[in-house]
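Colleague: Kindly return the folded structure for what I paste below:
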Amino acid sequence: MKNLLTLKKYFIKYKTKLLWGMLFILISNAMTVYLPILLKDSINEIQKNATSSVLLNYALLIVGTSIVAGVFRYLIRQTIIVVSREIEYDLRGDFWEHIQKLPLKYFQNNSTGNIMSHATNDINAVRGFIGPAVMYSIDTVIRLVIVVAIMISLNFTLTIYALLPLPILSYGVYRVGKLIHEKYTKIQENFSQLTTRAQENFSGIRVIKSYVREANEIKRWNELSQEFLRKNMNLVRIQSLIMPILTIITGISIIVVIWVGGIKVIDGEMNLGEMAAFVMYLSILIWPVIAFGWVMNIIQQAEASMKRLNKILNEPYEIQDSSSTDLSVKELKGEIELRNVAFKYLNSLPEVLKDVNLKIPVGSTLAIVGHTGSGKTSLINLIPRLYDVTSGEIFIDGKNVKDIPLDVLRTNVAVVQQESFLFSDSVYGNLSYGLRETNKLRVEEVSRIANFDKDVQSFPNGYDTVVGERGITFSGGQKQRASLARALATNPKILILDDSFSAVDTHTEEEILKNLKEFMKNRTSIIISHRISTVKDADNIVVLDNGRIAEQGTHAELVGQNGIYAELHFKQLLEKELEELN
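Modeller: Take a look at the predicted model:
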C-alpha cells in the first residue's frame with residue numbers, strides 16, 4: 001500500500017465530496033440494516049395474528065426503506081465514483097506534465113510504447129482503486145461494524161458461531177492477494193512490450209514493407225500476444241479461486257447459523273422473527289465479505305500499477321530552473337562563450353567533448369565541421385540545455401546558461417535538426433508551432449526565407465494542407481525547409497542549423513543561405529555541415545576531432561593549414577569535379 005499512499009494529495013483535494021460520500025454510505029447502510037428489524041417485527045406480528053392493515057404498514061415501511069437505501073446508494077456513486085474520475089483526470093494530467101519536463105536522456109533510455117502503457121493501463125488500474133475499491137472498502141467496514149453489533153445484540157453465542165470461518169477467509173484472501181500482485185506486475189510489463197512493438201511497427205511500417213517483413217512481424221506479434229494471454233490466464237486462474245472460497249465459507253456460516261439458531265428457537269432462547277433477522281443479517285454480511293476479496297484484488301493490481309507510475313513520477317527533472325535562476329532575464333542578445341566544457345552522456349561512458357573553449361560574438365556566424373562522431377551535435381545540444389555540461393561552463397551574454405530561465409533560453413535559441421519532425425497537423429499549424437499567437441504574415445515570410453513558399457503554393461489547400469504523420473507526405477528536403485521555417489518563425493536570437501540542409505540540393509541551399517544573411521543580421525548563428533560550400537563564408541570555422549577543437553579560423557586560413565579541414569575541402573572539390581565529368 002505504500003505506493004498508493006502517494007495519492008493522498010488527490011484525496012485531500014476532493015475531501016469534501018469524499019466526506020459526503022461517506023455520509024451517504026452511512027445512511028444507505030443504516031437503511032439496509034433496518035430492513036431485517038422490520039422483517040423480524042413483521043414475523044412476530046404475524047405470529048400474534050396481526051391485522052392486514054398492520055402488515056400493510058410493515059410492507060410499506062420495507063418498500064420505503066429500500067427506496068431510501070437505493071437513492072443514497074445512487075448518491076454514493078455520484079460522489080465517490082465521480083471523484084475517482086476527477087482524480088484520474090488530475091493524475092493523467094500530472095503524469096503528462098511530468099513527462100514533458102523530463103530530460104532527453106530519459107526518453108533515450110525508455111521506449112515510447114512503455115511510456116504509453118503507463119499512461120493507459122496503469123492509470124486505469126489506479127482509478128479502479130480510487131473509485132470502486134475506496135467506495136466498497138468504506139461500505140464494507142461500516143456495514144460490517146453495524147451488522148455485527150446488531151447480531152451480537154440479538155444473540156452473542158450465535159454471532160460467534162457465524163463469524164468463526166472469517167479468519168480463515170481473511171488469510172486465504174491475503175495469500176491470493178500476494179499472488180495477484182506478482183502476476184499483475186508481470187502482465188503490465190508484458191503489456192508494455194506489446195505497446196512498444198505496436199508503436200514501432202506503426203512508425204516503421206515503410207521499412208517493414210520495404211524489406212517484406214510483414215510475416216515476421218505478425219509472427220513476433222503473435223508470440224508476444226500468446227505470452228500476454230498466458231500470463232493473463234495465470235492471473236484469471238488465481239482470481240477464480242476467490243469466489244469459490246468466499247461462497248464456501250459464507251455457505252458454511254449460514255449452515256451453522258441455521259443449525260445452531262434452529263436449536264435455540266426450538267429451545268425457546270430465540271423467537272422465529274429474531275432467527276429470520278439473524279439469517280438476513282448474515283446474508284447482508286455476505287456481500288461485504290465478497291467485496292473484501294474483490295477489493296483486495298483491485299488494490300493489489302493498483303499497487304502494482306502505482307509502483308510503476310511512481311517510478312516515472314519520481315524521476316528528477318535534472319534540467320530546470322533553480323534558486324539561482326535570474327528571473328529578471330527576459331531576452332537575450334546572443335553572445336556565446338564555452339569555457340573548458342566537457343560532456344558525456346552517462347558516467348559509465350567516455351567523454352564526447354573535452355576541454356572545449358570557444359567564443360561566438362553577437363551577430364557572427366560560427367560553422368562546425370568534423371567527422372561523424374566528433375561531437376558536433378553534442379556541443380550544440382548543450383547551448384539550449386537539452387543536456388547539461390559534465391564540467392565547465394557555458395555563458396550567453398555573460399550569464400551562465402544555468403542561471404537563465406529555461407523558457408527564456410529556449411525561446412531565444414532555435415535548433416533545426418537534421419532529422420526533421422512534423423506533426424499530424426496543417427502546414428500552418430506546423431510552421432506556427434512555436435508562436436504564442438496567430439501570425440499568418442510571419443509564417444508566410446519565414447516560408448519565403450526557407451524557400452518553402454513555392455512548395456506550399458503547389459499543395460492542394462496551401463497552408464491548410466494537412467501533413468501526414470511525421471511528415472510522411474513531404475520529401476526530405478521539404479521537411480527540412482519546413483523545420484527551418486518553423487524555427488525562424490519564433491524570431492530567435494540564436495539560430496543553430498544541425499546539418500539541416502543535407503536533403504536539400506546545393507542550388508536551393510545557396511538560395512536559403514542568401515535569404516538567411518539578411519534575417520540573421522545582429523543575430524548569432526551556428527551551422528553544422530559536412531559540406532564545405534555551406535560553411536566557407538562563416539566568420540569562424542571550428543573543426544572538431546574526437547571531442548576536441550583541432551582547428552579553427554576562416555575558410556582561407558584553414559585551407560592554408562593543410563589539416564583536417566583542408567583534407568575535407570579538397571576531397572569535396574574532387575568529388576564535384578568527378579560528378580561534372582560524368
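
Colleague: C-alpha from now on. contacts and neighbour counts both.
Modeller: OK.

Colleague: Would you point out which residue is most central in the chain?
Modeller: Nearest to the mean C-alpha position of the chain, by CA atoms, centre = their mean, lies Ala119 at 4.1 Å.

Colleague: where along the stretch 201-350 of the chain do the helices fall?
Modeller: 205-210, 214-239, 242-266, 272-313 (DSSP state H, counting those that start in this stretch).

Colleague: With the stretch 351-500 of the chain instead?
Modeller: Under DSSP H, counting those that start in this stretch, the stretch 351-500 of the chain gives helices at 376-382, 406-412, 427-431, 440-449, 453-458, 476-489.

Colleague: which secondary structure elements does the last one contact?
Modeller: Applying 3 or more CA pairs under 8 Å, 6 or more residues apart in numbering; DSSP states H and E, one finds that helix 476-489 contacts strand 413-416, helix 427-431, helix 440-449.

Colleague: Would you reformat these as CSV and include mean pLDDT and distance to Ala538?
Modeller: Output for the helices and strands packed on helix 476-489, formatted as CSV (pLDDT from 0 to 100; distance: least, CA to CA, whole Å):
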stretch, mean pLDDT, distance to Ala538
strand 413-416, 91, 18
helix 427-431, 88, 27
helix 440-449, 90, 19
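
Colleague: what would these look like in CSV with distance to Gly363 and mean neighbour count?
Modeller: Shown next, in CSV, are the helices and strands packed on helix 476-489 (distance: least, CA to CA, whole Å; neighbours: other CA atoms under 10 Å):
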stretch, distance to Gly363, mean neighbour count
strand 413-416, 14, 23
helix 427-431, 24, 24
helix 440-449, 18, 19
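
Colleague: So which of these is nearest Thr16?
Modeller: Closest to Thr16 of the helices and strands packed on helix 476-489 is helix 427-431 (CA to CA; 42.0 Å).

Colleague: Residues contacting the closest one, please?
Modeller: Helix 427-431 is contacted by residues 422-423, 440, 443, 456, 462-467, 482-483, 485-487, 489 when judged by CA atoms under 8 Å, 6 or more residues apart in numbering.

Colleague: Check stretch 497-511 too.
Modeller: Around stretch 497-511, the neighbours that count as contacts under CA under 8 Å, 6+ apart are 377, 415-419, 451, 476-477, 480-481, 484, 525-530, 534.

Colleague: now do stretch 455-474
Modeller: Stretch 455-474 is contacted from outside by 421-428, 478-479, using CA under 8 Å, 6+ apart.

Colleague: Buried ones in the helix or strand Ala59 falls within, by neighbour count?
Modeller: According to DSSP states H and E, Ala59 maps onto helix 52-76. By neighbour count on 16 or more other CA atoms under 10 Å, the buried set for helix 52-76 is 55, 58, 62, 65-66, 69-70, 72-73, 75-76.

Colleague: swap in stretch 8-17?
Modeller: Of all the residues in stretch 8-17, those buried under the rule 16+ other CA under 10 Å are 10-11, 14, 17.

Colleague: List the contacts of it.
Modeller: Contacts of stretch 8-17 (CA under 8 Å, 6+ apart): 18, 79-80, 83, 87, 90.
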